[in-house]
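[1] quick one, what's the 3D model for this:
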Amino acid sequence: MTPLAAQTLPLTVVGVLVGVTLVLTWYAAQRNKDTGDHYVAGRRIGAFGNGLALAGDQISAASFLGITGAIALTGFNGWWLIIGMPIAYVLVLLLVAEPLRKLGKYTLADVIATRFGSPALRGSIAVATIIMTIIYMTVQFIGAGLVAGALLDVDFAVAVLILGGLMTLYTVLGGMVAATYIQIFKTSLLAVMVLAVFVAVIKRTGWNPIGPMLDATDSFGEKVVTPDRSDMTASLNSLSLTVGLTLGIMGLPHVMLRFLTVRDARAARNSAAVAISIFMCFFLLLPIFGYAALNEIGKKAIVAANPAGNSAGPMLAEKVGGDVLYALVAGVTIATILAVLAGMAIAVSGAVAHDLYTNVIKKGHVDERGQLISGRIAGAIAACIAIALAFGAKDLNIANVANVAFAIAASTTMPTLLLTIYWRRFNQVGALSTMIGGLALSLVLVLLGPDVMGKDDAVWPLAIPALVSVPASFLFAYVGTLVGAGRVGSTGMPYDEFEARAFAPDEVASGGRFTRRAREPERVGAA
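    Down below sits the predicted model:
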């Protein structure tokens, strides 16, 4: 294939996929009429479709690009980036999926505010949501810039700006409806892409699925397939990463928001089960791709393309499948990034417009149109901030950067949400202590760590703070609850009523007959 044709094919694939997403956005815009549509897609999404979208939120640029590159460059140490994910979603399924759907309205803060009516608490949750989501958006923009920059042969900054403009268009016009449609489309494409890469890889190893790992062991020794125990700091950082990843999922706003888009609690549970099935298969294949990239391309060439290894996945696709497979991988990766970005922009817009502006600043005195406009503006501003941060962080491994967001979630919204649902004695002071203390400690440890200050100058040795910040956040919750005991109670719902609502059965007995109240599509915004 000529160089011109080699460039034209990927561009054509990307153009077609972006065109499809724009059509989906146009269709979604016809249904994006009010705040319920914008934030939670009118709660019309079915269990299977929401499961596809939920899986798509985790099968992102950080997953495919970051984890493949991490395994190619660090061997088994890269596995720590995937071990916690299946456990995390089992915990989500068992602990929070059903209560979230039954208690939530538009945002994660709505669930906690149902029990605690404190504006300060809602504001602190909104601030944590903004910080976590912008970090995660930064990760996606880095991946987008690397792939699109190489594909279009343009500067990293130009590629990021183009994709940022597309994401803003999706968010402003289509809201959560468009984000969900695009996620479902993208996840379906991703399954095809991953299967194609897998077949191309194992074809070169005699159709042996573990062939790349065996070849890497023969070429580089057992060190690439066994944990590195020689560096205690690296081992502790891996443990901290796993803790943050496993527990942080339950606190990531853009993920938890997915459980508010379905019709009822049963659909929330079923969508979590669908998501677990999808991304367990996906994550099992990433080590194969990582070792195949190490064998086929080599560590030196991967680092030369990107120091953090983020280009290993597309380079592997081109090596084993030629221009056609590279075009597919590049196109699907860009569609993946755009879909995840759109969902995160909705989470930020909800935190700013619904939580901060409407409920804290205006104390609920904002009409739907004002809230919708402020939400769209907030999403665009968040994208601009994430783009600016991406310019300075493009040489970091994006899977590791994403896990900073997981660690912050595990130290703030996760313990606050769990204790709000399950601990009767938990009070507003305890919740505020958890949010403010966990957020401050995790941010300070990140800023003092090696990713910000450099390995030689770091005051705190671990890049991921979860090993310390998560236990500390529960301690903050306990001490704060003791301090707040006996004070004036919250203005929210009493715990007995809160608990009854959170765990009400899907079928509720009424007048001797069973009604399927919980399964009926409720009016968005109803109590």
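[2] surely Thr246 touches Leu91?
    Yes: counting by C-beta atoms under 8 Å, Thr246 touches Leu91, with 7.3 Å between them. To be clear about C-beta, it is placed using only N, CA and C from the backbone, and glycine gets the same treatment.
[3] distance from the host helix or strand of Val404 to the middle of the chain?
    Element membership of Val404 [criterion: DSSP states H and E] is helix 398-411. Helix 398-411 sits 9 Å away from the centroid of its parent chain (C-alpha atoms, centre = their mean, to the nearest Å).
[4] quick one: list the elements packing against that helix.
    helix 68-74, helix 80-91, helix 119-152, helix 232-248, helix 428-447, helix 450-453, helix 466-484 (3 or more C-beta pairs under 8 Å, 6 or more residues apart in numbering; DSSP states H and E).
[5] same question for the first one, mean pLDDT?
    Computed over helix 68-74, the mean pLDDT rounds to 87.
[6] then the second one?
    On average, the pLDDT along helix 80-91 is 78.
[7] looking at Thr246 and Leu91, which has the bigger crowd around it?
    Counted by other C-beta atoms under 10 Å, Thr246 and Leu91 do not tie: Thr246 has more neighbours, with 22 against 18.
[8] how much space between the more buried one and Tyr89?
    From Thr246 across to Tyr89, the span is 10 Å (C-beta to C-beta, to the nearest Å).
[9] do Ile288 as well
    Distance of Ile288 to Tyr89, computed by C-beta to C-beta: 21 Å.
[10] who's more crowded, the two?
    Tyr89 (25 against 21).
[11] surely that one and Ile278 touch.
    No: at 10.2 Å, Tyr89 does not count as touching Ile278 under the criterion of C-beta under 8 Å.
[12] so what's Pro471 scoring on pLDDT?
    Confidence score, pLDDT, at Pro471: 96.
[13] please apply the same query to Leu190.
    So Leu190 comes in at 84 (pLDDT).
[14] nearest spatial neighbour of Gly42, skipping sequence neighbours?
    Gly36 (5.3 Å; C-beta to C-beta, 6 or more residues apart in numbering).
[15] what's the helix or strand for that neighbour?
    Using DSSP H and E, Gly36 sits within helix 35-40.
[16] tally up the residues packed near Gly430, please.
    Applying other C-beta under 10 Å, I find that Gly430 has 26 neighbouring residues.
[17] give me the next element, helix or strand, following the helix holding Gly36.
    Once helix 35-40 ends, the next helix or strand along the chain (criterion: DSSP H and E) is helix 47-58.
[18] quick one: buried residues of that following helix?
    For helix 47-58, burial by neighbour count (16 or more other C-beta atoms under 10 Å) applies to Ala47, Gly49, Asn50, Gly51, Leu52, Ala53, Leu54, Ala55, Gly56, Asp57, Gln58.
[19] any stretches of the stretch 101-250 of the chain with poor pLDDT?
    Across the stretch 101-250 of the chain, the ranges flagged by pLDDT under 70 are 150-152, 229-230.
[20] which strands and helices sit next to the helix holding Gly36?
    Taking 3+ C-beta pairs under 8 Å, 6+ apart as the contact cut, helix 35-40 packs with helix 156-203, helix 312-349, helix 368-393.
[21] closest one to Pro10 among those helices?
    With distances scored as C-beta to C-beta, the stretch of the helices and strands packed on helix 35-40 nearest to Pro10 is helix 312-349 (3.9 Å).
[22] picking up where we left off before, can you say which of the helices and strands packed on helix 35-40 is packed in most?
    Among the helices and strands packed on helix 35-40, helix 312-349 has the highest mean neighbour count (mean count of other C-beta atoms under 10 Å), at a mean of 26.
[23] what mean pLDDT does it get?
    On average, helix 312-349 scores 84.
[24] circling back to that earlier point, include distance to Asp264 when you put the helices and strands packed on helix 35-40 into a markdown table, please.
    Compiled in a markdown table, those are given as follows (distance: least, C-beta to C-beta, whole Å):
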| stretch | distance to Asp264 |
| --- | --- |
| helix 156-203 | 17 |
| helix 312-349 | 21 |
| helix 368-393 | 24 |
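[25] for the host helix or strand of Gly15, which positions count as buried?
    Assessed by DSSP H and E, Gly15 sits inside helix 3-29. Using 16+ other C-beta under 10 Å as the test for burial, helix 3-29 gives 7, 9-10, 13-14, 17-18, 20-22, 24-25, 28-29.
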